[in-house]
Each structure stands twice: as structure tokens, then as C-alpha cells.
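Novice: Here is my input, please return the structure:
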Amino acid sequence: MRIAILSRNKKLYSTRRLIEAGVARGHEVRVLDHLKCFMDITSEKPTLHYRNEEFGADDFDAVIPRIGASVTSYGTAVLRQFEMMGVYSVNESVAISRSRDKLRSLQLLSRKKIGIPITAYAHNTDSTDALIREVGGAPVVIKLLEGTQGIGVVLAETKKAASSVIEAFMGLNANILVQEFIKESKGSDIRCFVVGDKVIAAMERRAAPGEFRSNLHRGGTAQLVKLSAAERRTAVKAAATMGLNMCGVDILRSDRGPLIMEVNSSPGLEGIETATSKDIAGMVFEFIEKNAGKHKNKTKGKG
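Specialist: Take a look at the predicted model:
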């Protein structure tokens, strides 16, 4: 098959591993920097342009989007062009946009009765005391809606500190969430890597000393972890709620069961492959091989 990877840098571990896995399985793999693409949007023959090349409906069988959070809008526009051309996408553009909106994704998870930390959201500082009270009082976690990799996440250990941080963020017109602090998780979370309707790998991430954020980018460590049946069900249901075929589902272990922190539509492969010694990239291609052909037949049938 001819497969495109939307990525800004082919040297990144995740992109490199996907190239290696695809080539090893006999596929033709091209990396396209989505910010360097432009689109010809027509009803009859939508095309995509990259540098001096023009691609149409027959040039690719599937696309793997690796779109960074800072370029979600343009990246998903490029992905929509692939979808208009009838190319199978591992994650559809609408699902990526849905998961990138932290507030919307939490509301959707809540609607499906999937466990999440108690969360409050407001627009002005008049509601500060009520926000803190609503999530059970200090300590609280305050998150920028646009933050990634632990950036823009603050643990406020007292009500006074929480009020100061909330007022500071709101003074900058930043959109924030205030969440309860899950003390019993002890600075660790679980990353479940979901492909299709299965958790294919999982790792426990533990925060560095003196840090409460367990992100590997912030010095956290990762190790293999055994999931409970409830954790597996929760991860798969969260992925399905977002409409994502491939994602990282971040779970906190709490006294009331698994709680979803985030559903990541472009999960990194390095940490999970290192911690589990699994060929995650190969499993992604196995999923594509099973589903891209079905998609092509379905779109031809619609024609």
C-alpha cells in the first residue's frame, strides 16, 4: 500500500518508527509536512499539493496523521482534504479536533458516564471561590485548555494559591479548567495505547521527585503495568467516545475507579515501546492493513 504520514519532522522517533515498520511490511511510505501542503478544494477532483507534486484520490491508500497541538487547525484541514479524496485515515479529522478540545472531550466523556476528575470551568474571576469549592477545595489542579505535555498545568496546594493562579490566568484571558487533585494516584498515571477496540500496550508513568506531573517530557519515568478489566474497558470506551482508532488514553487510579485525564490523538511511541518492548508501530500498520481496503470498497460503493 501507499501510505502518507503527516509529520513535521521525519527524524522524530515516532515518525521514524512508523516509516521503518511500514517499509518492513512492504509498504511505500511518504512523510508529508502538513504545513507545507496546500489544497485545491473542488467538488469534482479535490487534490493536495506538496512542494512540486500534486496528489489525487489514487495516490495514497491510507494516511497516518501526526499533527501537533499547536497546528491542529491547519493539520486537520489537510487531513480533511485526504478524506475528501477518499483516502483512509487512521484517525479522522473530526475525531482529532474533538479530542484536542479539552473541555469538549471531558463533557463528552461525562455524558457517556466515563469516570473523570471533578472538573469546573468558568469565564470570570467572580466565580473563583465557587470553582474551588465545586471540585472539593484545595489542593486543586489548574489547567490551561491549550496546554500540552504538562505545560500550563499547576498544582495549587492552598485556596489562596489557587485563587491567585486562577485570577492570573483569567487576567490573561486564558481558558482554564479547575480539577480535583487525586491524591491517591501519588504522582503517577497510566498511559493506555488503544488501536481499534483494544488496548495493545500500557505503561505506568511516575513523576520525578518534587514534581506532580508524570509526563515523560518533564522527567517522569515509565514502566510496564498490568491493567484491570475496568481500566481496559474505560480506555476503549474513551477512545470510542472520541471516535479515535489510535490514541493514548491517560488514566488516574482513584479510590472510585479509573478516571480519564486525557485522550491523546497523536500519542508518542518512544515511551510506550521502550517500557513494554512491543512493536507498537507494526501493530498500527497491521490495523491499517485490515481496514484501509474495507474503506476503499465502501467509498467506491458510494460512488
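Novice: List of residues touching stretch 117-132?
Specialist: 103, 106, 134-136, 138, 140-141, 159, 162-163, 166-167, 170-171, 176-180, 182, 252, 254, 259, 261 (C-beta atoms under 8 Å, 6 or more residues apart in numbering). All C-beta spots, glycine's among them, are computed from the backbone N, C-alpha and C.
Novice: what are the phi and psi values for the most centrally placed residue in the chain?
Specialist: Centrality entry for the chain: nearest residue to the mean C-alpha point is residue 264, 1.4 Å, by C-alpha atoms, centre = their mean. Backbone torsions for residue 264, taken as degrees, to the nearest 10, come to phi -100, psi 120.
Novice: secondary structure class for residue 83?
Specialist: helix (DSSP: H, G, I helix; E, B strand; the rest coil).
Novice: would you put the C-alpha positions of stretch 187-196 in CSV?
Specialist: Output of stretch 187-196 as CSV, limited to C-alpha atoms (Å, rounded to 0.1, in the frame of the first residue of the first chain):
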residue,chain,number,x,y,z
GLY,A,187,2.0,11.4,41.1
SER,A,188,1.5,8.6,38.7
ASP,A,189,-0.8,7.8,35.8
ILE,A,190,-1.3,5.1,33.3
ARG,A,191,-1.0,5.6,29.5
CYS,A,192,-3.1,3.1,27.6
PHE,A,193,-2.3,2.8,23.9
VAL,A,194,-5.5,1.9,22.1
VAL,A,195,-5.7,0.7,18.5
GLY,A,196,-9.1,-0.2,17.2
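Novice: lowest-pLDDT helix or strand in the protein?
Specialist: helix 280-302 (a mean of 81; mean pLDDT, DSSP states H and E).
Novice: about what we covered before: can I assume the residue nearest to the centre of the chain is in contact with residue 248?
Specialist: Yes. Counting by C-beta atoms under 8 Å, residue 264 does reach residue 248; the two are 4.0 Å apart.
Novice: before we move on, back to that, if any of the contacts of stretch 117-132 are buried, give me the PyMOL selection for them.
Specialist: Per 16 or more other C-beta atoms under 10 Å, the buried members of the contacts of stretch 117-132 correspond to this PyMOL selection:
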select buried, resi 106+134+135+138+140+141+159+162+163+166+170+176+177+178+179+180+182+252+259+261
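Novice: Just the ones of the contacts of stretch 117-132 in strands?
Specialist: The members of the contacts of stretch 117-132 that map onto strands under DSSP state E are 140, 141, 176, 177, 178, 179, 180, 252, 254, 259, 261.
Novice: centre of the chain versus stretch 22-40, how much separation?
Specialist: Put simply, stretch 22-40 sits 20 Å off its chain's centre (C-alpha atoms, centre = their mean, to the nearest Å).
Novice: what's the average pLDDT for it?
Specialist: The average pLDDT within stretch 22-40 is 97.
Novice: Stretch 175-194 too?
Specialist: 91.
Novice: That stretch: end-to-end distance?
Specialist: Using C-alpha to C-alpha, to the nearest Å, the end-to-end distance of stretch 175-194 comes out at 29 Å.
Novice: and what of stretch 114-133?
Specialist: Note: stretch 114-133 ends 22 Å apart using C-alpha to C-alpha.
Novice: related to what we said a few turns ago, contact partners for the residue nearest to the centre of the chain?
Specialist: Here residue 264 is in contact with 99, 247, 248, 249, 250 (C-beta under 8 Å, 6+ apart).
Novice: Report the distance from the helix or strand the third one falls within to the chain centre.
Specialist: Here residue 248, judged by DSSP states H and E, is contained in strand 246-254. Averaging C-alpha coordinates over strand 246-254 and over its chain gives two centres that are 10 Å apart (C-alpha atoms, centre = their mean).
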